[in-house]
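Engineer: quick one: sequence plus predicted model below, questions after.
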Amino acid sequence: MVLFSSREVAMPVEHKLSEVLSEFARTVATDFAIQSILDRLVRRIVDVLPITGAGVALISPGEPPAYFAASDDSALRFEQLQTELDEGPCLGAYTSGEAILIPDLAVDDRFPVFGPSAVDVGLKAVFTFPLRHGPERLGALDLYRNVTGALSGEQIVAAQTLADVAAAYLINASARADMEASEARYRWIVDTSQEGILILDLDGVITFANPTIASMLGTGVAEVVGRSLFEFVEPAELDAARHRLLQHRRGVSDPYDFAFRRADGTQLDVIVSASPRLDAGSIVSAVLMMVTDVSARKRAEASSARLELEGERAQQLAGLGQLAGGIAHDFNNLLGVISNYAALIKAEVSDEQTLSDLQEIDNATILATALTRQLLAYARQDVVEPCLIDVNRLLRRFNRLLHRTLGAQIRLYLDLDESTPDGLVVLVDPKQLEQVLLNIAINARDAVPDGGDLTTTTQLCTRDHHDGAPSAWVRIRITDTGSGMPPAVVAQAFEPFFTTKPLGSGTGLGLATAYGIVTRAGGEITINSVPGQGTTIELMFPFSNEPADVGPQQDAPIPRKGQERILLVDDEDALRRATERVLASFGYQVVAVSDGDEALAVLDASALEVDLVLTDVVMKRMSGIDLARQVAERHPDLPVIFMSGYANSDTIPDGAVVLQKPVRQETLGNAVRDAIERSHAEPRPVAPIEAVERFLQRD
């Protein structure tokens with residue numbers, strides 16, 4: 001076998017070695033991968049020395065080779081053989097640090113297992129050189145020949161030189177690889193950190209930003225680096241930011257709360273931990289800022305504070321409800337006395353001035369009643385009786401009341417949608433809807449002290465339901481030509497006790513009550529107002545395809561009269577006398593008593609036939625509810641009507657007739673007539689009035 005060409009033999013080893021070293025240096029300068037260096041080494045060394053193959057392995061004590069390479073398949077087989085046997089010149093050179101030269105494997109006995117095995121597969125000679133750099137050894141370079149014979153001294157020096165140079169490059173490459181791995185770990189930590197990281201120069205210019213802080217600010221890293229920190233600071237925090245930077249330049253690094261401004265203009269609440277970077281002379285050269293987003297925590301704290309405040313408000317409202325319930329009964333009794341006697345006098349006089357004065361009393365009573373019901377409605381202690389009503393019909397009737405209540409300086413206009421044959425029907429308590437309309441109208445009146453317009457429009461419209469399907473709604477818009485409200489006032493308009501009126505001029509419950517009533521009925525209420533351009537309040541209720549209940553929608557007719565006997569039970573003397581007068585004016589015979597025990601005694605008297613019991617709910621001794629239970633046990637067919645200035649709906653029997661005090665004359669008369677006629681078709685025999693008088697005068 002011819003091992004080398006004449007050209008290869010003629011070229012000096014030194015010249016070939018110089019070329020390989022130059023090429024090797026260029027390779028290492030552009031490629032720091034260790035495997036690439038090893039692969040290049042074994043391929044080029046075959047061109048320099050008279051060998052048939054070369055292999056190299058990097059060795060760590062007690063571990064298999066970390067890297068190895070071979071110039072061809074035969075060399076690879078010999079490298080793997082040494083690894084499998086854990087014996088051979090490669091491990092020997094690494095261990096000893098000296099070259100191992102075997103010109104004839106067949107006669108060398110230093111490796112009794114590897115030698116014969118290698119000879120069996122055609123290997124004749126092997127020359128191994130340690131990869132060493134000072135005291136450090138990395139592995140070994142194996143040169144293989146398929147013929148016996150020694151290397152020249154020049155060739156041995158060339159091989160060891162290549163091994164030593166390779167070891168030096170490998171150490172540099174390993175250090176560079178370690179540095180790159182460390183930098184990659186650093187970059188991975190910085191890029192994936194949940195903390196925002198900024199590096200500032202001493203003027204506050206951002207020289208580094210990680211993706212987290214850029215995301216916090218709602219922008220990209222490229223849009224952050226190179227800009228001043230102060231461009232991302234909330235305006236209110238600018239002075240504090242400048243002061244903090246001065247502290248950081250002096251080495252102060254205590255954590256502190258701070259606020260940045262995001263790209264979309266929203267506030268970013270953070271905690272900043274800053275560390276000054278010192279140069280070799282212990283002088284601050286830069287500032288590292290670790291930024292923790294605490295916006296969610298701040299929102300949670302604000303939410304918790306809001307819930308706590310709402311809890312306190314709920315307690316206040318509970319107290320308000322108890323207070324309202326306590327005073328409503330007495331207050332409504334007084335209003336009942338005033339309104340009933342005013343109505344009685346009004347029926348007996350014809351003087352226009354007197355009638356006008358009585359109308360003012362009636363108007364004041366209506367407003368006072370609305371205020372009491374407003375308190376009860378807001379405290380949710382008013383009796384709610386929803387029914388299907390035609391909004392247009394209610395508005396026509398209610399506007400007549402508003403004309404008397406608001407005065408002539410307010411011009412009222414109605415623009416009603418008449419497109420549906422059965423009207424704009426919604427399910428709501430009519431008296432509570434009237435309460436809402438009255439509250440809005442009074443606010444509008446106060447907004448136009450010198451007079452103005454109040455226009456109410458209705459419309460049937462379609463909106464998308466939460467499930468995506470369209471649904472029909474009834475819209476009621478009430479628009480005034482008043483002074484309007486700024487956005488800050490609109491934002492608080494539905495809050496309880498909020499008012500822009502002078503002290504003593506308003507309760508701050510009008511719109512809050514309206515909001516509670518509308519939302520409890522499944523509706524929505526919104527405000528649109530511009531200073532100087534008036535205010536529009538919009539009510540939205542789900543539309544019903546069912547016909548309206550006729551009864552509640554009709555204007556109250558003149559009370560129908562009768563001659564039946566009514567048992568009136570009320571522990572307030574003045575109101576009892578006034579109610580007795582009203583019922584008597586309708587033609588009824590009235591037996592008036594002050595408590596439940598007296599009422600039961602009247603019912604037990606065989607001489608008296610009673611057609612209806614009219615009782616107050618809240619009384620000092622027996623309540624009207626307890627009285628009604630006993631009446632039902634003794635006289636199951638006897639109708640009972642309740643009157644209440646304050647009644648929790650949970651205490652009233654289902655289906656009972658409840659008249660809210662103060663009860664207007666026409667409402668009382670019609671309710672009594674309806675109840676009596678429902679109880680029996682034919683009038684009962686009436687005992688003579690003398691029997692009643694004798695009963696009341698009994699001992």
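Structural biologist: Cool, the structure landed.

Engineer: counting neighbours, what do you get for residue 59?
Structural biologist: Residue 59 has 23 neighbours, counted by other C-beta atoms under 10 Å. Just so you know, the C-beta spots here come from the backbone N, C-alpha and C atoms, and that holds for glycine as well.

Engineer: now do the strands in the stretch 51-200 of the chain.
Structural biologist: With DSSP state E, counting those that start in this stretch, the ranges of strands along the stretch 51-200 of the chain come out as 53-58, 67-70, 100-102, 125-133, 136-145, 196-200.

Engineer: least reliable of these going by mean pLDDT?
Structural biologist: Lowest mean pLDDT within the strands of the stretch 51-200 of the chain: strand 67-70, at a mean of 79.

Engineer: what's the neighbour count on residue 451?
Structural biologist: Neighbours of residue 451 under the rule other C-beta under 10 Å: 12.

Engineer: pLDDT weak spots in the stretch 301-450 of the chain?
Structural biologist: Within the stretch 301-450 of the chain, the stretches with pLDDT under 70 are 310-311, 313-329, 367, 370-384.

Engineer: just the helices in it please.
Structural biologist: Secondary structure of the stretch 301-450 of the chain (DSSP state H, counting those that start in this stretch): helices at 352-378, 391-406, 430-447.

Engineer: could you identify which of those helices is most buried?
Structural biologist: helix 430-447 (a mean of 22; mean count of other C-beta atoms under 10 Å).

Engineer: what angle separates it from helix 391-406?
Structural biologist: Counting by axes from the mean of the first three to the mean of the last three C-alpha atoms, to 10 degrees, helix 430-447 points 50 degrees away from the direction of helix 391-406.

Engineer: which helices and strands sit right next to helix 430-447?
Structural biologist: Contact partners of helix 430-447 among helices and strands, from 3 or more C-beta pairs under 8 Å, 6 or more residues apart in numbering; DSSP states H and E: helix 352-378, strand 387-390, helix 391-406, strand 410-415, strand 452-464, strand 470-480, helix 510-520, strand 535-542.

Engineer: how many neighbours does residue 276 have?
Structural biologist: Per other C-beta under 10 Å, the neighbour tally for residue 276 reads 19.

Engineer: tell me if I'm right that it and residue 245 touch.
Structural biologist: No: counting by C-beta atoms under 8 Å, residue 276 does not reach residue 245; the two are 10.5 Å apart.

Engineer: anything in contact with each of those two?
Structural biologist: In terms of C-beta atoms under 8 Å, 6 or more residues apart in numbering, residue 276 and residue 245 are both contacted by the residues residue 287.

Engineer: nearest to residue 173, of the helices and strands packed on helix 430-447?
Structural biologist: When those are compared by C-beta to C-beta, strand 452-464 sits nearest residue 173, at 66.8 Å.

Engineer: and the contacts of that closest one?
Structural biologist: Around strand 452-464, the neighbours that count as contacts under C-beta under 8 Å, 6+ apart are 391-392, 395, 399, 402, 406, 409-417, 419-420, 424, 437, 441, 444-445, 470-482, 540, 543.

Engineer: buried residues, it. List them.
Structural biologist: Residues of strand 452-464 classed as buried by neighbour count (16 or more other C-beta atoms under 10 Å): 452, 454-458, 460.

Engineer: again with stretch 576-594
Structural biologist: Neighbour counts over stretch 576-594 (16+ other C-beta under 10 Å) mark 576-580, 582-583, 585-586, 588-594 as buried.

Engineer: nearest to residue 335, of the residues you listed?
Structural biologist: residue 578 (10.7 Å).

Engineer: which residues touch that closest one?
Structural biologist: 336-337, 340-341, 344.

Engineer: who wins for most neighbours among those residues?
Structural biologist: Highest neighbour count within the contacts of residue 578: residue 336, with 27 neighbours (other C-beta under 10 Å).

Engineer: my read: it touches residue 663, true?
Structural biologist: Yes: look at residue 336 against residue 663 with C-beta under 8 Å: they come within range, at 6.4 Å.

Engineer: picking that back up, with distance to residue 216 added, can I get the helices and strands packed on helix 430-447 in JSON lines?
Structural biologist: Shown next, in JSON lines, are those (distance: least, C-beta to C-beta, whole Å):
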{"stretch": "helix 352-378", "distance to residue 216": "43"}
{"stretch": "strand 387-390", "distance to residue 216": "54"}
{"stretch": "helix 391-406", "distance to residue 216": "51"}
{"stretch": "strand 410-415", "distance to residue 216": "52"}
{"stretch": "strand 452-464", "distance to residue 216": "36"}
{"stretch": "strand 470-480", "distance to residue 216": "41"}
{"stretch": "helix 510-520", "distance to residue 216": "37"}
{"stretch": "strand 535-542", "distance to residue 216": "39"}
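
Engineer: so which of those is nearest residue 601?
Structural biologist: Taking those one by one with C-beta to C-beta, helix 352-378 is closest: 33.0 Å.

Engineer: before we move on, the earlier item: pick the most buried one from the strands of the stretch 51-200 of the chain.
Structural biologist: strand 53-58 (a mean of 26).

Engineer: what's the angle from it to strand 136-145?
Structural biologist: Per the same axes, to 10 degrees, the angle that strand 53-58 makes with strand 136-145 is 160 degrees.

Engineer: now for strand 53-58, which elements pack on it?
Structural biologist: Checking 3+ C-beta pairs under 8 Å, 6+ apart, strand 53-58 ends up next to helix 34-48, strand 67-70, helix 73-85, strand 136-145.

Engineer: out of those, which comes closest to residue 354?
Structural biologist: Closest to residue 354 of those is helix 34-48 (C-beta to C-beta; 114.9 Å).

Engineer: check which helix or strand residue 274 maps to.
Structural biologist: strand 267-278 (DSSP states H and E).

Engineer: circling back: narrow the buried residues of stretch 576-594 to those in helices?
Structural biologist: Among those, the ones falling in helices (DSSP state H) are 576-580, 582-583, 585.

Engineer: in a strand, residue 560, correct?
Structural biologist: No: under DSSP: H, G, I helix; E, B strand; the rest coil, residue 560 falls outside any strand and is assigned coil.

Engineer: who's in contact with the strand holding residue 274?
Structural biologist: 196, 199, 216-217, 234, 244, 248-249, 251, 253, 255-262, 284-295, 297-298.

Engineer: next SSE downstream of it?
Structural biologist: strand 284-293.

Engineer: angle of that next one against strand 196-200?
Structural biologist: Going by the same axes, to 10 degrees, strand 284-293 makes 160 degrees with strand 196-200.

Engineer: tell me the angle strand 284-293 makes with strand 267-278.
Structural biologist: Using the same axes, to 10 degrees: strand 284-293 against strand 267-278 is 150 degrees.

Engineer: how about strand 284-293: buried residues?
Structural biologist: Buried-residue list, strand 284-293, by 16+ other C-beta under 10 Å: 286-293.

Engineer: out of the ones in helices among the buried residues of stretch 576-594, which is nearest to residue 619?
Structural biologist: Distance to residue 619 across these (C-beta to C-beta) is lowest for residue 576, with 10.8 Å.
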